[in-house]
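In: Quick one: sequence and predicted model below, then my questions.
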Amino acid sequence: MPETDIAIVGAGILGLAHACAAAKAGHTVTVFERSPKAAGASIRNFGMVWPVGQPHGEMLALSLRSRELWMELLTAARLPFKNTGSLHLAYANDEAAVIHEFAAAAPALGYSCDWLDAPRVLAKSDAVLERSHLGTLQGGLWSDTELTVDPRQIIASIPAFLTEKYGVQFHFSSHVSAIEPAPAGNIVSTDSGTCHAGTVFVCSGEDFETLYPAHFAASGLTRCKLQMMRTAPQPAGWELGPSLAAGLTLRFYPAFQICKSLPALARRIANENPELDRWFIHALVSQTVDGALTLGDSHEYSPAVDIFNKQQIDDLILEYTLGFLKAPNLRIAERWHGVYAKHPTKPLVTMSPSERVRIVASPGGSGMTLSMGVGERSLIEMGLL
């Protein structure tokens with residue numbers, strides 16, 4: 001294999017983000033992916049770029065920069081996306097209290113959002129129920145910063161664009177077994193040969209065992225399994241509009257931790273349905289370009305992932321989601337689970353096992369939201385941008 005300025009292990013969204021940033025900066029880039037195509041958490045998610053969920057400060061700024069980079073890439077590559085924003089819906093008094101509090105404080109912290117009363121929420125989306133077993137719609141939080149892609153389509157399409165525009169080389173079905181220091185860089189050993197790379201970024205997702213296992217073991221990372229579903233495509237012309245969330249999500253994303261009214265909401269949910277907390281369930285809905293709706297999700301934390309899905313979890317997700325979502329076709333066409341790396345306190349984990357090698361792991365379930373910004377920041381921190 002020829003020499004390369006930058007080698008990247010992993011063609012999921014983190015790896016692709018690093019490849020995009022490096023190629024735009026004029027570096028030669030080679031990406032190694034052990035599978036015939038990326039098949040991990042990067043294609044098993046909602047496809048949401050979701051700044052409104054990030055905590056204010058560094059991570060919100062990183063997510064907004066990531067959104068800018070996503071827009072540049074999607075426009076340049078002529079890839080489809082939905083720039084529709086998001087709605088967090090309130091059906092109970094405590095949910096409305098949290099959203100009112102957040103909407104009052106958030107703009108000064110850098111968020112672009114506002115409280116909408118029920119009529120204005122219903123005007124934003126034909127997919128929102130006015131009344132259900134969750135209660136009567138009181139209003140919602142409108143944010144205009146969220147966008148959605150179909151992760152399966154986008155992750156499969158970006159490599160061809162990067163190859164055509166920048167000459168990035170992709171080696172799929174190419175397992176990297178070792179990275180060893182060498183003069184002016186590293187030797188990357190794969191099952192199809194070796195490559196000399198000035199700098200290596202390891203973006204191997206939840207694979208903690210193949211490369212640098214001691215570093216991963218000491219990092220505090222664990223694995224998170226999530227269960228998700230997708231409906232059949234909706235009839236032509238029917239649009240979800242903004243991606244949807246509701247009261248459960250307010251207790252899930254760190255952005256809302258600034259709200260003093262949040263603990264009361266969390267206690268009420270825990271008392272009414274402890275199973276929602278047991279499986280860390282919240283409910284999001286996004287729409288792909290073909291019209292299908294993606295529903296989820298749950299969170300099970302363990303280094304050893306249970307490969308079997310639990311019907312109880314899918315039932316809980318659907319019961320709650322159908323309390324705020326209406327759509328012409330709610331037949332579930334696909335069910336799956338994904339697994340990603342997660343740190344209990346850090347929003348992102350980076351490690352440097354040697355001078356010109358950086359491990360980048362665990363955007364913690366926010367991979368689509370943060371990865372583009374993380375890739376750019378990695379190059380800046382390594383003196384490559």
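Out: That came through fine. Fair warning: this is a prediction, and the values are worked out from it, not measured in the lab.
In: Could you report the neighbour count for Arg78?
Out: Counted with other C-beta atoms under 10 Å, residues neighbouring Arg78 total 8. Backbone N, C-alpha and C define where each C-beta goes, glycine included.
In: dump the residue contacts of it.
Out: By C-beta atoms under 8 Å, 6 or more residues apart in numbering, no residues touch Arg78.
In: same check, this time on the one 10 residues further on
Out: When contacts are counted by C-beta under 8 Å, 6+ apart, His88 touches 52, 99, 140-141, 143, 245-246, 249-250.
In: Can you tell me which of the residues you listed is nearest Gly185?
Out: Checking those against Gly185 with C-beta to C-beta, the nearest one is Val52 at 40.4 Å.
In: Any figure for the gap between Glu68 and Ser219?
Out: 29 Å (C-beta to C-beta, to the nearest Å).
In: who's more crowded, the two?
Out: Taking neighbours as other C-beta under 10 Å, Glu68 and Ser219 compare with Ser219 leading, 19 against 12.
In: Show me how the record splits this structure into domains.
Out: 4-43+152-219+346-381, 86-144+222-342 (automatic domain parsing).
In: distance between the last one and the chain's centre?
Out: I take that to be domain 86-144+222-342. How far domain 86-144+222-342 lies from its chain's middle: 15 Å, per C-alpha atoms, centre = their mean, to the nearest Å.
In: Compute the first-to-last residue distance for that domain.
Out: Using C-alpha to C-alpha, to the nearest Å, one end of domain 86-144+222-342 lies 25 Å from the other.
In: got it, and the shortest one?
Out: In terms of C-alpha to C-alpha, the two terminal residues of domain 4-43+152-219+346-381 are separated by 19 Å.
In: now that domain, how far from the chain's geometric center?
Out: Its chain's C-alpha centre and that of domain 4-43+152-219+346-381 lie 17 Å apart, by C-alpha atoms, centre = their mean.
In: I'd like the next helix or strand past the lengthiest helix in the chain.
Out: Longest helix of the chain, by residue count under DSSP state H: helix 58-77. Remark: after helix 58-77, the chain's next helix or strand is strand 86-90, criterion DSSP states H and E.
In: Pull up the pairing partners for that following strand, direction included.
Out: strand 139-143 (antiparallel), strand 243-245 (parallel) (DSSP bridges).
In: now the first one: mean pLDDT?
Out: Read it as strand 139-143. Strand 139-143 comes out with an average pLDDT of 98.
In: quick one, helices of this structure?
Out: Taking DSSP H to define them, one finds helices in the chain at 13-24, 58-77, 93-105, 118-124, 151-166, 213-218, 247-250, 262-272, 274-278, 311-321, 367-381.
In: Please name every helix or strand in contact with the shortest one.
Out: Read it as helix 247-250. The contact analysis (3 or more C-beta pairs under 8 Å, 6 or more residues apart in numbering; DSSP states H and E) places helix 247-250 against strand 86-90, helix 93-105, helix 262-272.
In: again with the last one
Out: Under the contact criterion of 3+ C-beta pairs under 8 Å, 6+ apart, the helices and strands touching helix 367-381 comprise helix 13-24, strand 48-49, helix 58-77, strand 357-361.
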